[in-house]
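# Take this sequence and fold it.
(one chain, ligands or ions: 2)
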Amino acid sequence: MITHYGYIDGSGEYYIVVDSDRCDGCGKCVNACPQKALQLQTEFVDLEDKTLAVVSEDHRKKIKYTCSACKPETNNTPCVLACENKAIKCIWDQR
Ligand code: SF4
Ligand code: SF4
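Numbers count the residues shown, from 1 in each chain. Ligands and ions are numbered 1, 2, ... in the order given. Reported below is the predicted structural model:
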């Protein structure tokens, strides 16, 4: 399951994307995030409970501001670099 956290608006699209098939819940991205925008959460995926990285509720509606200091347009952010499984990425397209 691919989950997009973020939104599209008049100035572009902004998403942190987590691939549950690749995420093993290691928490490295959570520890790497300077804004504490990520957390581990247990989700029911593919008929089983799985611990996954998610964007916390508080940050979902302001992800553009939360993540902007990390230069997410490079997809080279602390969360992405921390993930050895390539389970998290940024889609960051400013118009
Ligand atoms: S570092 Fe990658 S594998 Fe580990 S919790 Fe984060 S997204 Fe999942
Ligand atoms: S881009 Fe930066 S602020 Fe946004 S989730 Fe990744 S590490 Fe955290």
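# For the most centrally placed residue in the chain, which non-adjacent residue is closest in space?
Centre of the chain computed as the mean C-alpha position; nearest residue by CA atoms, centre = their mean is Ile16, 3.6 Å away. Distances taken as CB to CB, 6 or more residues apart in numbering put Tyr5 closest to Ile16, at 4.7 Å, once the chain neighbours are dropped. For the C-beta atoms, the positions are set from N, CA and C on the backbone; glycine is no exception.
# close enough to count as contact, the one you found and Lys62?
No - in this structure, Tyr5 is not within contact of Lys62 by CB atoms under 8 Å, at 11.2 Å.
# Could you check which of these two has the larger neighbour count?
With neighbours defined as other CB atoms under 10 Å, Tyr5 and Lys62 compare such that Tyr5 has more, 21 against 13.
# Can you list phi and psi of the more buried one for me?
For Tyr5, the backbone dihedrals (degrees, to the nearest 10) come out as phi -110, psi 110.
# all strands for the chain, in order.
2-9, 12-19, 38-45, 48-55, 88-94 (DSSP state E).
# So which of these is the most surrounded?
strand 12-19 (a mean of 20; mean count of other CB atoms under 10 Å).
# Compute the inter-axis angle for it and strand 48-55.
Here strand 12-19 runs at an angle of 150 degrees relative to strand 48-55 (axes from the mean of the first three to the mean of the last three CA atoms, to 10 degrees).
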